[in-house]
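Undergrad: the sequence and its predicted three-dimensional model are supplied below.
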Amino acid sequence: MGCWAIGGPFWFGEIAAGYSGADDVESVRAVHAAWDHGIRVFDTSAVYGAGHSERLLGKALAGRDDAVIVSKFGHSIDATTRQLKGPRFEPEYVRWSVEHSLKRLGRDYIDVMLLHLNDLPVADAEPAFETLEAFVAVGAIGSYGWSTDFPASAGAMARRLGFSTVQHSMNLFFDAPSMCRVAREHGLTQLIRSPLGMGVLTGKFDDGRSIPGGDVRAGPPDWQGYFDGGRPREDLARQMAAVRELLTVGGRTLTQGALCWLLAKGPMILPIPGAKTTAQAIENAAAVVFGPLPESVMEEIETVLQRPPEGLPRAR
């Protein structure tokens, strides 16, 4: 379960960086519903809601010691104004970030800690990962990784003993073959963000609804990539329509079909769909019950989709 949305609003200047419509009571219920339906991995970040997501997740998972928590660091935040203040990755700030994430989560251990700066140069990232090694050594974190869409960055860090995970964008609209190749070569777990195209692949916008202001998806297209003017990009809507019947094979919903497409891509690929409601959490979890899409369906999807070339690496 991805926990960006339950963090609520936060901002980068005047640009919304969080999701609208989150309700704390319902968010806790959603986490509990995910748990009750077998979900054990929960992905959050210090930046989501300027720390609110971590606090809420810690409350919801209190007493559930076998929950697998993934959190992230790398952006300085003002908790009062909920403003992003810029990247921070020097060792002192890394230590401060891990310690405060542990406090907000109410835990003495975080399973995986990720660098949350997508395009940070490798040379600048090295000291941050050195600092995380020290936390692994004392048992405060289990391992670490990088939330990045740059395969070379993940490959450069994969040699490190404690580097276990790469989080990157991947869905029916963008297959990420280069990152998948690097992850397979180095045995990295892949945590997939935007597995549902920020909601486009759920089909809930087919009725013409638009994203309200104050939501990251209402921001500039170069900021989030899936919406234009608060509505799904027309090219993406056409692609989804082309594979609708294939995704819903076997009684799956569109949401479940999109997640099952990812499950069919490999055993180390773990989608982290967000959920703000119990219904969303239960629907997402049921994708595991259906399992990966059949190979014949996967092949047909590739013949139908008009997916553009991967292109040069860029932050997504």
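TA: Yes, it's here.

Undergrad: so V182 sits in a helix?
TA: Yes: assessed with DSSP: H, G, I helix; E, B strand; the rest coil, V182 lies in a helix.

Undergrad: quick check, it in contact with A158.
TA: Yes: proximity of V182 to A158 meets the contact threshold set by C-beta atoms under 8 Å, at 7.4 Å. Any C-beta I mention is one placed from the backbone N, CA and C, and that applies to glycine too.

Undergrad: what sits in contact with each of these two?
TA: Jointly contacting V182 and A158 under the rule C-beta atoms under 8 Å, 6 or more residues apart in numbering are L188.

Undergrad: the more surrounded of these two?
TA: V182 (22 against 18; other C-beta atoms under 10 Å).

Undergrad: all strands for the stretch 101-250 of the chain, in order.
TA: In the stretch 101-250 of the chain, the segments counted as strands under DSSP state E, counting those that start in this stretch are 110-115, 141-147, 163-169, 189-193, 227-228, 231-232.

Undergrad: out of these, flag the one nearest P273.
TA: Checking the strands of the stretch 101-250 of the chain against P273 by C-beta to C-beta gives strand 189-193 as the closest, at 8.8 Å.

Undergrad: that older thread, make JSON lines from the strands of the stretch 101-250 of the chain and add mean pLDDT, mean neighbour count and distance to V304 to it.
TA: Compiled in JSON lines, those are given as follows (pLDDT from 0 to 100; neighbours: other C-beta atoms under 10 Å; distance: least, C-beta to C-beta, whole Å):
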{"stretch": "strand 110-115", "mean pLDDT": "98", "mean neighbour count": "24", "distance to V304": "34"}
{"stretch": "strand 141-147", "mean pLDDT": "98", "mean neighbour count": "23", "distance to V304": "31"}
{"stretch": "strand 163-169", "mean pLDDT": "98", "mean neighbour count": "23", "distance to V304": "22"}
{"stretch": "strand 189-193", "mean pLDDT": "98", "mean neighbour count": "22", "distance to V304": "21"}
{"stretch": "strand 227-228", "mean pLDDT": "96", "mean neighbour count": "20", "distance to V304": "23"}
{"stretch": "strand 231-232", "mean pLDDT": "96", "mean neighbour count": "20", "distance to V304": "18"}
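
Undergrad: where does the protein have low pLDDT?
TA: Residues of the chain meeting the criterion pLDDT under 70: none.

Undergrad: please name the residues that touch the residue positioned nearest the centre of the chain.
TA: In the chain, the residue lying closest to the centroid (C-alpha atoms, centre = their mean) is R193, at 3.1 Å. R193 makes contacts with G2, D43, S147, Q167, H168, S169, M170, I272, as judged by C-beta under 8 Å, 6+ apart.

Undergrad: cool, thanks, talk later.
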